[in-house]
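Visitor: Provided below are the primary sequence and the corresponding predicted coordinates.
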Amino acid sequence: MRSHIRKISRYVCNRCGKDCRGKGKSVVNHIKPRTKFPHLALEPSNLELVCTECHNKVCSRDDKNPNRGASNKGIPNDPTSAWSNY
Ligand SMILES: [Zn+2]
């Protein structure tokens, strides 16, 4: 799946157009955050190849969600989490 995406994008960042060939220089980004659109997580049209620099800018809201995880009592930090109901 991931190598498939990279082949399509020809190792060029979808955001800044930089050549991001090479290990660890590119990231497959979810255009719509998978936290909000989990059903699109594996949808090819929702994936784009970006360099790590752009990924850090674009995805900070997604992957570095401060509400992610749970307290040591097992209560989710994110009050909108489905687990809050338990
Ligand atoms: Zn870029």
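Guide: Structure received. Numbering: from 1, shown residues only.
Visitor: helices along this protein, start to end?
Guide: Remark: helices of the chain, listed N- to C-terminal, are 2-9, 52-63; assignment by DSSP state H.
Visitor: which one of these has the lowest average pLDDT?
Guide: Among the helices of the chain, helix 2-9 has the lowest mean pLDDT, at a mean of 59.
Visitor: residues near residue 10, how many?
Guide: With neighbours defined by other C-beta atoms under 10 Å, the count for residue 10 comes to 9. Yep, even glycine has a C-beta here, placed from its N, CA and C like the rest.
Visitor: quick one, grab the pLDDT at it.
Guide: As predicted, residue 10 sits at a pLDDT of 74.
Visitor: and the gap between it and residue 37?
Guide: With distances defined as C-beta to C-beta, to the nearest Å, the gap from residue 10 to residue 37 amounts to 26 Å.
Visitor: now do residue 15
Guide: Residue 15 sits 19 Å away from residue 37 when distances are taken as C-beta to C-beta.
Visitor: for residue 20, same thing?
Guide: 24 Å.
Visitor: quick one: residue 52 from residue 29, how far?
Guide: To residue 29, residue 52 is 10 Å away according to C-beta to C-beta.
Visitor: coming back round to it: with neighbour numbers in mind, choose between residue 15 and residue 37.
Guide: Using other C-beta under 10 Å, the more surrounded residue of residue 15 and residue 37 is residue 15, with 16 against 13.
Visitor: residues in contact with the more buried one?
Guide: 48, 50, 51, 54, 58 (C-beta atoms under 8 Å, 6 or more residues apart in numbering).
Visitor: show me the shaky parts of the protein.
Guide: Scanning the chain for pLDDT under 70 picks out 1-9, 59-86.
Visitor: any chance you could map the strands in this structure?
Guide: In the chain, strands defined by DSSP state E lie at 26-30, 47-51, listed in chain order.
Visitor: paired strands for the first one, with orientation please.
Guide: Its sheet considered, strand 26-30 pairs with strand 47-51 (antiparallel) by DSSP bridges.
Visitor: quickly check: the strand it pairs with near the ion or not.
Guide: Yes: legend: contact between strand 47-51 and the ion by C-beta under 5 Å from the ion is shown at residue 51.
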